[in-house]
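Participant: coords please:
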Amino acid sequence: MPNQILLNIGIALVWILLQGNFTIQSFVVGYALGMVFLYIFRKQLDSRLYIFRLWAALSLFLFFVKELIVANFVVIAQVLRPKLNVKPGIITYETELETPMQITILTSMITLIPGSVSMEVSADNKSIYIHVFHIDNKEEIIRHIREDLEGRIKEVVS
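Facilitator: Predicted coordinates for the structure are as follows:
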């Protein structure tokens, strides 16, 4: 990915030199042309085009912010009730993630979302033990983590 960004910037700088116009607008046009060239020759690159990974990272970030806001309101609603209606528990989540970076991102996101805490990762990095504030449906929680969080993390960090 860093090679692709440097190549794109290099194409933009060559464009500026060819134009003889040293402005921000000229750089942006050159950068856009560089993206077009990278897209055309993407099969010769060693990895996926970096703009797709950046888009996936933005999507993951926005999804995480949405989850953070929703979870905060759920926890606030539970705490402000006169009588607590929670069923806390610990679930074991079998992850399909492979790299330590992916697992770290997943466990951090789980912990940062109110109402859940990643307690431990197994020695083989295949299981994550998660304390959940309220368990209605264990399968739904696991499905949500697998499809929404884990799937997006795989797109960003590979």
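Participant: following the chain onward from the one helix or strand in the chain whose mean pLDDT sits lowest, which element is next?
Facilitator: In the chain, no helix or strand scores lower on mean pLDDT, DSSP states H and E than helix 2-19, which sits at a mean of 86. Proceeding N to C from helix 2-19, the next assigned helix or strand is helix 24-40, under DSSP states H and E.
Participant: go through that next one and flag the buried ones.
Facilitator: Residues of helix 24-40 classed as buried: Ser26, Phe27, Val29, Gly30, Tyr31, Gly34, Met35, Leu38 (neighbour count, 16 or more other C-beta atoms under 10 Å). All C-beta spots, glycine's among them, are computed from the backbone N, C-alpha and C.
Participant: now it: how far from the chain's centre is it?
Facilitator: Once both centres are worked out by C-alpha atoms, centre = their mean, to the nearest Å, helix 24-40 turns out to sit 26 Å from its chain's centre.
Participant: which helices and strands does it pack with?
Facilitator: Counting by 3 or more C-beta pairs under 8 Å, 6 or more residues apart in numbering; DSSP states H and E, the packing neighbours recorded for helix 24-40 are helix 2-19.
Participant: identify all contacting residues around the helix it packs on.
Facilitator: 22, 26-31, 33-35, 37-38, 45-47, 49-50 (C-beta atoms under 8 Å, 6 or more residues apart in numbering).
Participant: distance from that helix to the middle of the chain?
Facilitator: 27 Å.
Participant: related to what we said a few turns ago, tilt between the least confident helix or strand of the chain and helix 24-40?
Facilitator: Counting by axes from the mean of the first three to the mean of the last three C-alpha atoms, to 10 degrees, helix 2-19 lies at 130 degrees to helix 24-40.
Participant: with just CA atoms, put helix 2-19 into PDB.
Facilitator: Extracted C-alpha coordinates of helix 2-19, given in PDB (Å, rounded to 0.1, in the frame of the first residue of the first chain):
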ATOM      1  CA  PRO A   2       2.700   2.600   0.800                       C
ATOM      2  CA  ASN A   3       4.300   1.900  -2.600                       C
ATOM      3  CA  GLN A   4       1.000   2.600  -4.300                       C
ATOM      4  CA  ILE A   5       0.600   5.900  -2.500                       C
ATOM      5  CA  LEU A   6       4.200   6.900  -3.400                       C
ATOM      6  CA  LEU A   7       3.600   5.900  -7.000                       C
ATOM      7  CA  ASN A   8       0.500   8.000  -7.100                       C
ATOM      8  CA  ILE A   9       2.200  11.000  -5.700                       C
ATOM      9  CA  GLY A  10       5.100  10.500  -8.100                       C
ATOM     10  CA  ILE A  11       2.600  10.500 -11.000                       C
ATOM     11  CA  ALA A  12       1.100  13.700  -9.700                       C
ATOM     12  CA  LEU A  13       4.500  15.400  -9.400                       C
ATOM     13  CA  VAL A  14       5.400  14.300 -13.000                       C
ATOM     14  CA  TRP A  15       2.000  15.800 -14.100                       C
ATOM     15  CA  ILE A  16       2.900  19.100 -12.300                       C
ATOM     16  CA  LEU A  17       6.300  19.200 -14.100                       C
ATOM     17  CA  LEU A  18       4.800  18.500 -17.500                       C
ATOM     18  CA  GLN A  19       2.200  21.200 -17.000                       C
END
